[in-house]
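> Dropping a prediction and its sequence here:
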Amino acid sequence: MNPPVSAPRTARERARAELTREIKEEARRQLAVAGADGLSLRAVAKELGMVSSALYRYYPSKEDLLTALIIDAYNALGEAAETAIGTGGGRDAAARWLAACHAIRAWALANPHEYALIYGSPVPGYRAPEATIGPAARTPLAFASVLRDAVAGGELAPVADWRPVDGPLAGQAAALAEALAVEGAPAVPGELLVRAVIAWTQLYGMLSFELFGQFVGSFDPTDEFFGYAAAQLAAFAGLR
């Protein structure tokens, strides 16, 4: 049985989709100039030649527009990581992990203001709604898939001088391992997840330092430093 054919969008739907795209593009331009805190619906409407009341039919508040931009940013970053990992079939887990690290860096360098929107300073008064959780999870879930493959393929190496995970941290790690479990796939040990999260957060710390100019005068340009550090983090996470 053939799947149902989606009905073509009406002219009104196409026009709405196009205007929505233009609104978000203008909002991203404002992010680059004024930052998330300075984003203004009135300014966006003015630049697009719209009255404010018309814009409010698309985004009733600044928070709604910020949420749309945040979801887009998380999805774009997640897609970059997933594509880098997914196109690495046949490569070992460490190589796919590194490919994802470099893809994330490439996206961040190409979209620094969107990166800052999701990983920079919190926007005063803004509270991210539940709709952002799924998009935000795409990148860490992509990394988790690499860990599962590493466990299944016996691609884990002992990590020297690693203090065993115990106490409340062990409980948190076990709960995370259970939440990430996939039917039919090997479980990722809690200790491996702890190491991987340390490596993952260090990755974003390096990116923030690079994007916000903290490597100027030391490791600048940062290409070689990032490549070396990313490989060290993969080893720290236990990937051969």
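Structure received. Computed from a predicted model, the values in this text were never measured in an experiment.
> How is the protein divided into domains?
10-60, 69-236 (automatic domain parsing).
> Pick the most deeply packed of the ones you listed.
Of all these, domain 69-236 has the most neighbours on average by mean count of other CB atoms under 10 Å, namely a mean of 16. Where you see a C-beta, it was placed from the backbone N, CA and C, and this is true even at glycine.
> Phi, psi for residue 239 please.
Dihedral pair for residue 239: phi -90, psi 130, per degrees, to the nearest 10.
> ok, now how distant is it from residue 193?
13 Å (CB to CB, to the nearest Å).
> How about residue 183?
According to CB to CB, residue 183 stands 18 Å off from residue 193.
> same deal with residue 234?
From residue 234 to residue 193 the distance is 15 Å (CB to CB).
> count of neighbours near residue 64?
Counted with other CB atoms under 10 Å, residues neighbouring residue 64 total 14.
> Touching stretch 48-58 from outside, list them.
Residues from elsewhere that reach stretch 48-58 (CB atoms under 8 Å, 6 or more residues apart in numbering): 16, 19, 20, 22, 23, 26, 41, 42, 44, 45.
> try it again with 7 Å
Contacts with stretch 48-58, where a contact means CB atoms under 7 Å, 6 or more residues apart in numbering, come from 19, 20, 22, 23, 26, 41, 42, 44, 45.
> This protein: helices as residue ranges?
11-34, 41-47, 52-56, 62-86, 93-110, 112-119, 133-152, 167-180, 190-211, 223-236 (DSSP state H).
> Specify the stretch among those that is closest to residue 160.
The closest of these to residue 160 is helix 223-236. By CB to CB, the value is 9.9 Å.
> gap between that closest one and the chain center?
Remark: helix 223-236 is offset 19 Å from the chain centroid, using CA atoms, centre = their mean, to the nearest Å.
> can you check stretch 177-191 too?
Between the centre of stretch 177-191 and the centre of its chain there are 21 Å (CA atoms, centre = their mean).
> List the contacts of residue 238.
Contacts of residue 238 by CB under 7 Å, 6+ apart are 156, 157, 159, 192, 195.
> and with 10 Å instead?
Taking CB atoms under 10 Å, 6 or more residues apart in numbering, we find residue 238 in contact with 93-94, 147, 150-151, 155-159, 162, 189, 191-192, 195-196, 199.
> before we move on, what about residue 154?
Remark: with contacts taken as CB under 10 Å, 6+ apart, residue 154 is in contact with residue 240.
> Let the chain start at 32 from now.
Done: numbering now begins at 32, and the last item shifts to residue 185.
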